[in-house]
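# Model the structure of this input:
(one chain, ligands or ions: 2)
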Amino acid sequence: MKAMHYRKLGKTGLMVSEVGFGGEWLERHDADESVEVVKYAHSKGVNIIDCWMPDPKSRDIIGKAIAQDRQGWIVQGHIGSTWQNGQYVRTRDLKYVVPAFEDLLERLHTDHIDLGMIHYVDSPEEWDRCMNTDYIKYVHELHEKGVIRHIGMSTHNPRMAIKAVESGFIEMILFSINPAFDMRPATEDLDSMLFGEYQEDLAGIDPERAQLYRLCEEKEIGITVMKGFFGGRLFDAKTSPFRTAFTPLQCIHYSLTRPGVSSILCGCETIQQVDEAVAYEAATQEEKDYASVIASAPLHSYNGQCTYCGHCRPCPSEIDIAMVNKFYDLAVQQPEVPESVYSHYKALGKTASDCIACRSCESRCPFGVKIADRMQQTARLFGC
Ligand code: SF4
Ligand code: SF4
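Numbers count the residues shown, from 1 in each chain. Ligands and ions are numbered 1, 2, ... in the order given. Sure, this is the predicted structure:
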């Protein structure tokens with residue numbers, strides 16, 4: 001088994017394992033078994049865990065599992081996820097928010113949460129409820145006291161994510177990413193994404209989502225990923241919107257090749273599922289290859305769009321085509337090429353101007369991207 005890779009979580013500076021842990025199904029199992037699953041993941045190099053769950057059992061499991069090495073974990077804890085009469089309730093009412101957050105600290109046996117998440121904001125009304133009430137003062141207060149080390153937000157709506165990123169208020173974001181969601185336009189209705197029909201909507205990556213990923217990369221807002229497996233729907237051709245099945249490794253790779261993404265939080269409830277997720281680190285390019293799955297699907301239309309999949313390797317001029325395309329997409333949105341994008345582009349070593357227009361890559365691109373032409377455009381844009 002290869003060692004885990006770690007990525008910087010944007011401007012938080014934290015180094016997070018690219019395969020992280022989403023714990024929402026832990027409570028279905030015997031508590032001691034679930035504790036062992038989390039500990040096992042840690043032994044495989046996983047160091048980031050999400051705890052949005054307000055129920056005592058989930059929190060106790062995570063608390064026990066991380067107690068031995070609290071400093072070795074980066075905990076993503078949510079502010080506004082509360083437990084009322086045995087039910088999850090999302091609220092901004094401090095009467096419930098404060099005790100729920102104090103309960104989180106107590107059950108996790110900790111005095112701080114690394115990533116304090118403004119919990120689940122999918123609509124402008126919810127954003128206003130957060131920003132114009134005492135809720136946000138409480139978040140500030142926790143941050144000033146060092147009880148939360150960094151402020152983040154969780155959302156499923158790219159429009160709200162863009163708003164939060166542009167507000168300058170958050171340092172990272174928990175966002176739902178998978179190949180199917182990426183085709184859907186922004187919506188405040190999560191149920192329609194989870195359970196709605198997709199056939200008529202397959203038109204490549206939604207522009208707002210692509211914009212969000214570029215913006216996060218540009219502004220150094222790290223993304224952690226939820227719902228990367230679409231609740232398992234992508235694993236079955238009958239339920240996959242593409243009418244073709246993906247593997248967990250392909251889904252993980254899809255998320256981890258979006259700009260701005262630092263970690264995908266895989267929902268694991270068994271040791272076997274942990275093994276399947278961390279197997280990503282040793283997987284071959286063929287095993288991770290989601291591009292050919294999307295491209296050969298009966299229902300898709302990603303044609304002409306670069307998904308940064310890397311399927312077009314190798315290039316005789318040793319150009320990292322996916323990265324060059326990513327930096328081009330980042331830069332072309334701006335009136336001028338941002339300095340940070342330029343320096344990252346230059347750091348690639350081989351740049352678009354090294355392209356000899358052999359077009360050998362184009363026959364390997366499952367999405368029909370006119371790579372040689374893009375290289376020319378990129379060289380013009382960056383001047384090299
Ligand atoms: S050019 Fe094609 S093969 Fe290469 S990274 Fe982009 S989509 Fe993938
Ligand atoms: S066309 Fe350019 S980018 Fe593509 S393989 Fe040839 S040299 Fe590399």
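
# next one: stretch 280-293 to chain centre, how far?
Distance of stretch 280-293 from the chain centroid (Cα atoms, centre = their mean, to the nearest Å) equals 18 Å.

# Compute the first-to-last residue distance for it.
Start-to-end span of stretch 280-293 (Cα to Cα, to the nearest Å) is 17 Å.

# What are the buried residues along that stretch?
Neighbour-count burial for stretch 280-293, counted by 16 or more other Cβ atoms under 10 Å, picks out Tyr280, Glu281, Ala283, Lys288, Asp289, Tyr290, Ala291, Val293. Backbone N, C-alpha and C define where each C-beta goes, glycine included.

# what residues are up against the residue of the stretch 201-350 of the chain found nearest ligand 2?
Closest residue of the stretch 201-350 of the chain to ligand 2, Cβ to the nearest ligand atom: Cys315 (3.2 Å). Neighbour list for Cys315: Ile321, Lys350, Cys355, Ser360, Cys361 [criterion: Cβ atoms under 8 Å, 6 or more residues apart in numbering].

# In the residues you listed, find the pair that's most separated.
Of all pairs drawn from those, the greatest distance, 15.2 Å, lies between Lys350 and Ser360 (Cβ to Cβ).

# Just the buried residues of stretch 280-293: which are in helices?
Members of the buried residues of stretch 280-293 lying in helices (criterion: DSSP state H): Lys288, Ala291, Val293.

# what about the strands in the protein?
All strands of the chain, identified by DSSP state E, fall at 6-8, 15-17, 19-22, 48-51, 74-79, 81-84, 87-90, 113-118, 148-155, 172-176, 222-226, 261-267.

# what would those strands look like in CSV with mean pLDDT, mean neighbour count and distance to Ala100?
Listed next are the strands of the chain as CSV, based on pLDDT from 0 to 100; neighbours: other Cβ atoms under 10 Å; distance: least, Cβ to Cβ, whole Å:
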stretch, mean pLDDT, mean neighbour count, distance to Ala100
strand 6-8, 98, 15, 30
strand 15-17, 98, 21, 25
strand 19-22, 97, 26, 19
strand 48-51, 98, 25, 12
strand 74-79, 98, 26, 8
strand 81-84, 96, 19, 4
strand 87-90, 93, 13, 9
strand 113-118, 98, 25, 12
strand 148-155, 97, 24, 14
strand 172-176, 97, 27, 18
strand 222-226, 97, 26, 19
strand 261-267, 97, 25, 20
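
# shaky segments in the stretch 201-350 of the chain?
The stretch 201-350 of the chain contains residues with pLDDT under 70 at 201-203, 296-303.

# Helices of that one, start to end?
207-219, 248-256, 271-278, 285-288, 291-295, 321-332, 339-346 (DSSP state H, counting those that start in this stretch).
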